[in-house]
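Enquirer: output the structure for:
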Amino acid sequence: MNILIFSWRGPGHPGAGGAEQVTHEHAKAWVNSGHDVTLFTSKHTKAKRKEMVDGVSIVRFGNEVFGVHIMAFLWYIFSRHKKYDLVVDHFHGIPFFTPLFVRVKKFAHIHEITKEVWGANPWPKPFNLIPEVIGNIFEPLIFKYIYRKTPFLTGAKSTADDLANWGIPKNNITIIHHGVKLEDMPKKILIKNSMKTATFLGVLTKDKGIFDSLKIFSEINRKDDSWQFWIIGRGEKSIVDEIEKTAKEMDISKKIKFFGYVSDRRKFELLARSHVLVNPSMREGWGLVNIEANAVNTPVVAYDVAGNRDSIKDEKTGVLVEYGNYRTMAYEIVKLLNDNSRYSTMQKSAVKWSKRFTWEASTEKSLKYIESI
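Expert: Alright, predicted model coming up:
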């Protein structure tokens, strides 16, 4: 088949995260099985307008927020391109509205419904209210009236439940769990740091919970000052400045080490050295970082939200805490590390759990899925 994927971000984009990694892994597998795959995505600094990445043809036009969606429509309708047999509409807050202009077979690939994340946008006040108000009003209507007859592929039961609650028929929703790239994982189990270490890993944004992480770190430090805290991930300079300012105000700046963006190999090394991964995200599509931490012997303490409750087995591979209760999160982290037997049992369960999620199994299912459509 000739397959076209519309996505707001693609390989190499500075803001690309787990969602984009998932899409690319499926696309690579489809190419390796003989299909032709084109990814239409947004442009970014120094990016080529067209290039081939792992056999996937990349076409870039427009900026990531609104421009790429408009350009996708114009390109598909008015530009010369090959005839496509299947179109993938990759949701990330704003969809590509393919049911309105694509007449061939299609499906929507979605990681999470946005919901409360609209309110965590980085726009300055009072303009930040614009996406929050518009998003919360129109998002459920888009599913109900535009995508009701469109097949949906997602990676988590939480998202499937959200879709069903917003009017997508359950028989139109397919769940295929994501895999984990473990090629860069350490070949042997690394010894944990001599100093107890709690780590945040992810894009430094409000919806990923970076500021709740600081509250959690501060609370842990108040209870037990023998800890250190690591922050791994990139963010806008304004956010990084705010993080550093907040940490200083909380008197924990000397206990925090910032690593910024790191390679996959370095990421796994840091996770392996950590005692616990802290995930206070507002909402996840699946929670890939949770499985990555589990794979290197590290339990996760996280908010009990969509995605986290799918990728974490409570009291088996980590601990789930009521959303927003950062004091309880800190308490559970300290409690876990003070119970050697419980911690060791959880480590073993975490490693065993992580081995269930491979890209070979995931892409085998997605190949059957696209062929069935």
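
Enquirer: now the phi/psi pair for N340, please.
Expert: Backbone torsions of N340, given as degrees, to the nearest 10, read phi -60, psi -40.

Enquirer: measure the closest residue in space to T41 that isn't next to it in sequence to V68 for me?
Expert: Distances taken as C-beta to C-beta, 6 or more residues apart in numbering place G10 nearest to T41, at 3.5 Å, with adjacent residues excluded. Every C-beta, even on glycine, is put in place using the N, C-alpha and C of the backbone. Spatial separation of G10 from V68 under the definition C-beta to C-beta, to the nearest Å is 10 Å.

Enquirer: higher neighbour count, those two?
Expert: G10 (28 against 25; other C-beta atoms under 10 Å).

Enquirer: still on that earlier bit, any common contacting residues for G10 and V68?
Expert: T41, S42 (C-beta atoms under 8 Å, 6 or more residues apart in numbering).

Enquirer: residues contacting whichever strand or helix holds I291, please?
Expert: Secondary structure from DSSP states H and E places I291 in helix 288-295. Residues outside helix 288-295 that contact it (C-beta under 8 Å, 6+ apart) are 18, 21-22, 178, 180, 182, 185, 201-202, 267-268, 271, 274, 277, 279, 299-300, 302, 308, 311-312, 317-318, 350-351, 353-355, 357.

Enquirer: re the thing from before, please verify my assumption that the residue nearest to T41 contacts F61.
Expert: No: taking C-beta atoms under 8 Å as the definition, G10 is not a contact partner of F61, at 11.3 Å.

Enquirer: common neighbours of these two, please.
Expert: Counting by C-beta under 8 Å, 6+ apart, the shared contacts of G10 and F61 are S42.

Enquirer: the helix holding I291: what's the following helix or strand?
Expert: strand 300-303.

Enquirer: which residues sit against that next one?
Expert: Against strand 300-303 from outside (C-beta under 8 Å, 6+ apart): 209, 212, 276-282, 287, 290, 293-294, 308, 312, 317-324, 329, 332-333, 336, 350.

Enquirer: so which of these belong to helices?
Expert: Among these, the members found in helices (DSSP state H) are D212, N290, A293, N294, N308, M329, E332, I333, L336, A350.

Enquirer: gap between the closest residue to the last one other than its chain neighbours and V278?
Expert: Of all residues beyond its chain neighbours, the one nearest A350 is N294 (3.7 Å), with distances taken as C-beta to C-beta, 6+ apart. For N294, the distance to V278 equals 14 Å [C-beta to C-beta].

Enquirer: how about T114?
Expert: Applying C-beta to C-beta, the value for T114 to V278 is 23 Å.

Enquirer: what does T298 give?
Expert: In terms of C-beta to C-beta, T298 sits 11 Å off from V278.

Enquirer: got the CA positions of the helix holding I291 in PDB?
Expert: Extracted in PDB, the C-alpha atoms of helix 288-295 (Å, rounded to 0.1, in the frame of the first residue of the first chain):
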ATOM      1  CA  LEU A 288       6.800   5.200  27.900                       C
ATOM      2  CA  VAL A 289       9.200   6.600  30.500                       C
ATOM      3  CA  ASN A 290       7.600   4.300  33.100                       C
ATOM      4  CA  ILE A 291       8.400   1.200  31.200                       C
ATOM      5  CA  GLU A 292      11.900   2.500  30.300                       C
ATOM      6  CA  ALA A 293      12.600   3.000  34.100                       C
ATOM      7  CA  ASN A 294      11.200  -0.500  34.900                       C
ATOM      8  CA  ALA A 295      13.500  -2.100  32.300                       C
END
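
Enquirer: how far off centre is the helix or strand encompassing E20?
Expert: Secondary-structure assignment from DSSP H and E places E20 in helix 18-32. Chain-centre distance of helix 18-32: 14 Å, with C-alpha atoms, centre = their mean, to the nearest Å.

Enquirer: contacts for the next helix-or-strand element following it?
Expert: Where DSSP H and E defines the elements, the next helix or strand beyond helix 18-32 is strand 36-41. Strand 36-41 is contacted by residues 1-11, 13, 23-24, 27, 30-31, 55-61, 68, 72, 75-76, 81-82, 84 when judged by C-beta under 8 Å, 6+ apart.

Enquirer: so for strand 36-41, mean pLDDT?
Expert: Strand 36-41 carries an average pLDDT of 98.

Enquirer: pull up the pairing partners for the next helix or strand along the chain from that strand, direction included.
Expert: Using DSSP H and E, the helix or strand that follows strand 36-41 towards the C-terminus is strand 50-53. Neighbouring strands of strand 50-53 in its sheet, by DSSP bridges, are strand 56-60 (antiparallel).

Enquirer: what's the spacing between T45 and A16?
Expert: T45 is 13 Å from A16, by C-beta to C-beta.

Enquirer: sorry, slip of the keys, the one I care about is Y76.
Expert: From Y76 to A16 the distance is 22 Å (C-beta to C-beta).
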